[in-house]
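Enquirer: could you work out the structure for the sequence below:
(chains A, B, C and D)
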Number of protein chains: 2
Amino acid sequence: MATLKYSRQRESIKNYLATTKEHPTADTVYLQMKKEFPNISLGTVYRNLNLLTEIGEVIKIPTPNGGDRFDGRIEPHNHFLCTKCGRLLDLELDMKNIEEVNQMAGTNFDGIIQSSSILFYGECGDCIKKS
Amino acid sequence: MATLKYSRQRESIKNYLATTKEHPTADTVYLQMKKEFPNISLGTVYRNLNLLTEIGEVIKIPTPNGGDRFDGRIEPHNHFLCTKCGRLLDLELDMKNIEEVNQMAGTNFDGIIQSSSILFYGECGDCIKKS
DNA sequence: ATCTTTGCAAAGGATTTGCATCACG
DNA sequence: CGTGATGCAAATCCTTTGCAAAGAT
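Expert: Purely as a prediction, here's the structure:
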């Protein structure tokens, strides 16, 4: 693997993802970065998101529709996708519970489970109020 | 919602997904269908996969890389993605456990959780043997 | 006869890649 | 300097869509 070299763009992307509570798509990250680096290109954003994902500083969350979301919170946690408004929210589960789930799953399985990500579906609080 | 009309193509797609143990991408389904309907088009496959997903006869599984996978097993169950070889496998969890997880998640959450899908990551049995 | 589904092809969106240049070490 | 990262644009992959013809009820 090639040696990683510092780049202001990557640093800024990483920092943005670590501080935002949203779960931006690559495009949202791009738009955000443009404020600081007006000439930044989408390609750079994608390259860095993938890089950060590979080295584990960022999580990529696949969703059934639209593009993947990115998340700078790397502690194990899970997500909720509102089937009405499409918002992706954090959903807390105790570490203990997460590990328990991983363990349960591992009992009848001949591979090694390193991690898991749960995507919950349903209707979020806001949408319920509106209906 | 418009009335559903019978189509041999849709029937065949549904049947294929119900019997295969793989978790094919749309393209794999297309290639498979071509054996029976040499003129079938990718558009038809996508339209039917989405339709079947909407009416709940098929499940769409988003993965972090490559296209979505489809699964004709509609009983709640979960999946394991091997980070080495990329295979997507079924992973059994008791219904009881799944519901327990959903319930745990719902306790500190103001929305309604209807379902969940867990994607486990790790190294599958085959890859472990090879290394 | 009416309304749905199909095949085809073109369009669309998301992501990746080649290349010359720029920046870090 | 040497190598990695960037910006730009073109390319690629995956999925959706418009339309006229064919199929289902």
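
Enquirer: I'd like to know which elements the top strand by length along chain A is packed against.
Expert: Longest strand in chain A by number of residues (criterion: DSSP state E): strand A:112-123. If you count contacts as 3 or more C-beta pairs under 8 Å, 6 or more residues apart in numbering or on different chains; DSSP states H and E, strand A:112-123 packs onto strand A:59-61, strand A:78-82, helix A:95-106, helix B:95-106, strand B:112-123. Every residue, glycine included, has its C-beta placed from N, CA and C.

Enquirer: could the ones you listed go into TSV alongside mean neighbour count?
Expert: Shown next, in TSV, are these (neighbours: other C-beta atoms under 10 Å in any protein chain shown):
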stretch	mean neighbour count
strand A:59-61	19
strand A:78-82	21
helix A:95-106	16
helix B:95-106	16
strand B:112-123	18
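
Enquirer: quick revisit: quick one: list the elements packing against whatever helix or strand comes next after the longest strand of chain A.
Expert: Sequence-wise, the next helix or strand downstream of strand A:112-123 (DSSP states H and E) is helix A:125-130. Packing partners of helix A:125-130 (3+ C-beta pairs under 8 Å, 6+ apart): none among the helices and strands.

Enquirer: show me which residues of helix A:125-130 are buried.
Expert: By neighbour count on 16 or more other C-beta atoms under 10 Å in any protein chain shown, the buried set for helix A:125-130 is A:Cys127.

Enquirer: can you list the residues of chain A near DNA strand D?
Expert: By C-beta under 7 Å from any atom of the strand, the part of chain A that sits against DNA strand D consists of A:2-5, A:7, A:9-10, A:37, A:39-44, A:47-48, A:51, A:65.
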